[in-house]
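Visitor: pasted the sequence and its predicted model underneath.
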Amino acid sequence: MPVNSLFIFFLISLFFAAMLQIHIFEVAFVKLGLTPEVASFLLLATLLGSGVNLPIYSMHTKASGHLVMSQDQKMVWEIFQPAKEGKVVIAVNVGGCLIPIGLCLYFISLQLIDPVKIVVGIFAITALSYKFSSLIPGMGVGMPVFLAPLASVLLALALDPEHAAHLAYISGVFGVLIGADILRLKNIAELGSPVAAIGGAGTFDGIFITGIIAALLA
C-alpha cells in the first residue's frame, strides 16, 4: 500500500476513534440524566478545559536537580506563572477536575441519594484509591484504570440500585480525587515536576475517566 494511502487510512482511523470516544462520553452523560445538548456542551467544555491548569498555591521542595516540565503542563501554564526551581506549584485542571466536581455537586443537590450512602461510597473509594495508587516520577499518580470505576459501580449497585449511575459517578470522582491526589500532596515533590495539576491530563486523567466508566457500567 502506498505511503499516501497509509497516511489517509491512519487519519480516517483516528477520526473514527475520536468519534467513538466522543459518542461514549455523550452516552455516559445522557445516562446520568443530562440532555444530549447539555452532554455535548460538557464534552466540549471538558476537551477545551483539559489544557487549562489553574494554580492554587506553591510548595517548597528539597529535591535537587533541574525540574522538568512535561509538554502537557506547558500547554497553558505559562499564562499564569513561570515555573521556578525549588518550588512545586499545585494547580487544578479545569476539564479533568473542576467539571467532574461540578457535576458531582449538581447530582448531590438533586437529593436523589441518601447522604449517608454518598459518604460511605466516597470513603470506600477514597481508601481503595489511596491503597492502590502510587507516585510515578516525571508522570504523576498512577493506579489500575478500571479498579476505581468497577469498585464504584459494585458499591453503588449494592447501596442504591435505583440511582446507581449517579452514586457510582460521585463516589468514583470524589474517591479518586481525595485518595489518589489530595492525600498524596505531601509527597508531591517526588514527581520531579514544577507543576502538579490535580486532574492532570484532562479527559485522559483518572478522575474524569473514573466517572465516565462508572456511569457507563452502572
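Guide: Okay, I see it. Numbering: from 1, shown residues only.
Visitor: helix or strand right after the worst-scoring helix or strand of the chain on mean pLDDT?
Guide: Lowest on mean pLDDT, DSSP states H and E among the helices and strands of the chain sits helix 71-80, with a mean of 43. Using DSSP states H and E, the helix or strand that follows helix 71-80 towards the C-terminus is strand 87-93.
Visitor: can you dump the C-alpha coordinates of that next one into CSV?
Guide: Provided in CSV are the C-alpha atoms of strand 87-93 (Å, rounded to 0.1, in the frame of the first residue of the first chain):
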residue,chain,number,x,y,z
LYS,A,87,9.1,25.1,44.2
VAL,A,88,6.2,22.8,43.2
VAL,A,89,3.0,24.7,42.2
ILE,A,90,-0.2,22.9,42.9
ALA,A,91,-2.9,23.5,40.3
VAL,A,92,-6.3,22.1,39.3
ASN,A,93,-7.2,21.1,35.8
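Visitor: relative to it, what are the paired strands and their orientations?
Guide: Counting by DSSP bridges, the strands paired with strand 87-93 are strand 53-60 (antiparallel), strand 195-198 (parallel).
Visitor: could you list the buried residues of the longest one?
Guide: The neighbour-count criterion (16 or more other Cβ atoms under 10 Å) identifies Asn53, Leu54, Ser58 as the buried residues of strand 53-60. For the C-beta atoms, the positions are set from N, CA and C on the backbone; glycine is no exception.
Visitor: could I get those residues as JSON lines with distance to Leu167?
Guide: Listed next are the buried residues of strand 53-60 as JSON lines, based on distance: Cβ to Cβ, whole Å:
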{"residue": "Asn53", "distance to Leu167": "29"}
{"residue": "Leu54", "distance to Leu167": "28"}
{"residue": "Ser58", "distance to Leu167": "36"}
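Visitor: single out whichever of these has the smallest pLDDT.
Guide: Among those, Ser58 carries the weakest pLDDT, at 76.
Visitor: which residues touch it?
Guide: Ser58 sits next to Lys84, Lys87, Val88, Val89, Ile90 when contact means Cβ atoms under 8 Å, 6 or more residues apart in numbering.
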